[in-house]
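Novice: Sequence plus the predicted model coming up.
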Amino acid sequence: MSNTLGTLLKITSFGESHGAAVGVVLDGCPAGLELNTEFIQSELLRRRPGQSKITTARNEKEEFEIISGIFEGKTTGAPITIIIPNNDTRSKDYDHLAGVYRPSHADYTYQEKYGHRDHHGGGRSSARITAGWVAAGAIAKQLLSKSGIKVQAFVSQAGNVVLSKPYKALDLAKTENNIVRCPDEETANQMIELITEVKKQGDTIGGVITGVISHVPVGLGEPVFDKLHATLGHSMLSINAVKGVEFGSGFEGVKMRGSEHNDAFVPGEKIRTKTNYSGGVQGGISNGEDIVFRVAFKPVATIMKDQDTVDSSGKATTVMGKGRHDPCVVPRAVPIVEAMAAIVLADFVLRARTTKLDV
């Protein structure tokens with residue numbers, strides 16, 4: 001398995017949904033960073049299950065332990081290992097899946113690839129493992145804050161309910177004011193109503209998270225194959241249930257002409273662009289504007305309805321929906337999107353220091 005992401009700042013993820021713990025090793029973090037462990041805890045609690053009526057009922061405290069890389073509250077430069085125990089597993093809820101393939105899950109592909117899989121909660125394919133990513137992302141955010149870089153995300157769509165306001169017209173500080181993590185109260189209430197209804201029906205629904213990275217310096221990104229948006233896209237597509245990523249104008253940009261889409265420069269001591277259809281990245285390198293991207297999440301594959309499927313011998317059977325699952329994943333995925341973006345940006349900040357000599 002490929003469980004490591006990054007070049008200078010790297011994360012290695014470990015653990016399974018119903019194992020003893022999940023966690024992460026963060027390697028390459030510079031020494032001397034004064035670590036706020038309360039912030040790490042707060043980020044984990046934003047991702048935790050059981051936090052509202054529209055999330056899974058699994059109840060994890062998300063208590064964590066750092067067992068290496070920290071001394072007297074500061075990073076030492078050694079790998080930082082964070083362990084997050086699994087306390088509320090109900091493995092028996094998945095016993096009926098040992099020889100059955102759930103539609104749109106990783107059951108069949110993992111079985112064919114490895115010949116042996118953990119069917120309890122999806123094992124390694126479960127979104128439970130992203131708890132470690134969020135912990136690492138909390139450290140990356142603290143590292144980025146030294147450069148003034150801020151990473152924020154919010155829910156901009158749930159099913160057919162779309163937040164139509166541009167992000168600059170929103171107060172992103174209000175993102176945490178409601179359980180769906182949409183900074184517009186009216187739209188948030190519509191999203192909550194829709195998700196609640198879908199949950200009552202035993203079904204699920206998808207959504208979109210918008211990410212905004214502000215105060216980004218010019219020059220982050222490593223052409224040709226490590227373009228900034230390509231690596232960000234890689235990290236986002238590594239998140240469970242993500243099916244699409246777009247930057248700036250994204251797919252809507254195909255409707256425009258070049259004369260409309262080009263981001264004209266504004267004269268001045270600090271070069272800026274009048275528009276930001278590029279989403280803050282040009283030629284794979286940050287241009288100093290906000291990096292704006294959207295991440296599309298499919299409906300959660302586990303539904304509380306019977307579904308036709310096949311067993312491991314290829315025979316037709318029916319699978320029953322059991323266990324505890326999110327009717328819509330996007331509210332809890334906001335801190336995951338932020339974490340992965342922060343890890344990538346922090347890696348590129350460190351890499352940028354090797355690009356040229358200061359003469």
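Specialist: Everything's here; your move.
Novice: Show me what counts as buried in whichever helix or strand Glu246 is part of.
Specialist: Using DSSP states H and E, Glu246 maps to strand 242-247. Neighbour-count burial for strand 242-247 flags Val242, Val245, Glu246, Phe247 (criterion: 16 or more other CB atoms under 10 Å). In short, each C-beta sits where N, CA and C put it, glycine included.
Novice: cool, and stretch 86-101?
Specialist: Asn86, Thr89, Tyr94, Leu97, Val100, Tyr101.
Novice: Need the per-residue pLDDT for the second one.
Specialist: Thr89 is assigned 69 on the pLDDT scale.
Novice: Dump stretch 153-168 to CSV, keeping only the CA atoms.
Specialist: The C-alpha coordinates for stretch 153-168 follow below in CSV (Å, rounded to 0.1, in the frame of the first residue of the first chain):
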residue,chain,number,x,y,z
ALA,A,153,-13.0,25.4,4.0
PHE,A,154,-16.8,25.4,4.1
VAL,A,155,-19.8,23.4,2.7
SER,A,156,-21.0,25.1,-0.4
GLN,A,157,-23.4,22.5,-1.6
ALA,A,158,-25.5,19.6,-0.2
GLY,A,159,-27.4,17.7,-2.9
ASN,A,160,-29.3,20.3,-4.9
VAL,A,161,-29.0,23.0,-2.3
VAL,A,162,-26.2,25.4,-3.5
LEU,A,163,-24.6,28.3,-1.7
SER,A,164,-24.7,30.9,-4.5
LYS,A,165,-22.8,33.7,-2.8
PRO,A,166,-19.1,34.1,-3.7
TYR,A,167,-16.7,33.3,-0.9
LYS,A,168,-15.6,37.0,-0.6
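Novice: ok, residues contacting it?
Specialist: 170, 172, 175, 180-184, 187-188, 190-191, 194-195, 198, 205-212, 292, 294, 328, 330-331, 334-335, 337-338, 341 (CB atoms under 8 Å, 6 or more residues apart in numbering).
Novice: one more time with 7 Å
Specialist: 172, 175, 180-184, 187, 190-191, 194-195, 205-212, 292, 294, 328, 330-331, 334, 337-338 (CB atoms under 7 Å, 6 or more residues apart in numbering).
Novice: for stretch 68-87, same thing?
Specialist: Here stretch 68-87 has contacts from 18-27, 29-35, 60-67, 131-132, 135, 139, using CB under 7 Å, 6+ apart.
Novice: That one spans what distance, first to last residue?
Specialist: 22 Å (CA to CA, to the nearest Å).
Novice: Could you give me the buried positions within that stretch?
Specialist: Neighbour-count burial for stretch 68-87 [16+ other CB under 10 Å]: Gly69, Ile70, Thr75, Thr76, Ile80, Thr81, Ile82, Ile83, Ile84, Pro85, Asn86.
Novice: Just the buried subset of the contacts of stretch 68-87, written out for ChimeraX, thanks.
Specialist: Restricted to buried positions by 16+ other CB under 10 Å, the ChimeraX selection for the contacts of stretch 68-87 reads:
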select :18,19,21,22,23,24,25,26,27,29,33,35,60,62,64,66,131,132,135,139
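Novice: Helices - which of the contacts of stretch 68-87 land there?
Specialist: Applying DSSP state H to the contacts of stretch 68-87, the entries found in helices are Ala131, Gly132, Ala135, Ile139.
Novice: list the contacts for the nearest residue to the second one once chain neighbours are set aside?
Specialist: Yep, that's Gly132 we're talking about. Spatially, and ignoring its direct neighbours in sequence, Gly132 is nearest to Val24 (3.4 Å; CB to CB, 6 or more residues apart in numbering). Residues near Val24 by CB under 7 Å, 6+ apart: Ile11, Thr12, Ser13, Ile82, Gly132, Trp133, Ala135, Ala136.
Novice: Try it again at 10 Å.
Specialist: 3, 11-15, 64, 80-84, 129-137, 139, 339, 343 (CB atoms under 10 Å, 6 or more residues apart in numbering).
Novice: Where do the helices of the stretch 1-150 of the chain begin and end?
Specialist: Applying DSSP state H, counting those that start in this stretch to the stretch 1-150 of the chain gives helices spanning 37-47, 107-114, 130-145.
Novice: Thanks a lot, catch you later.
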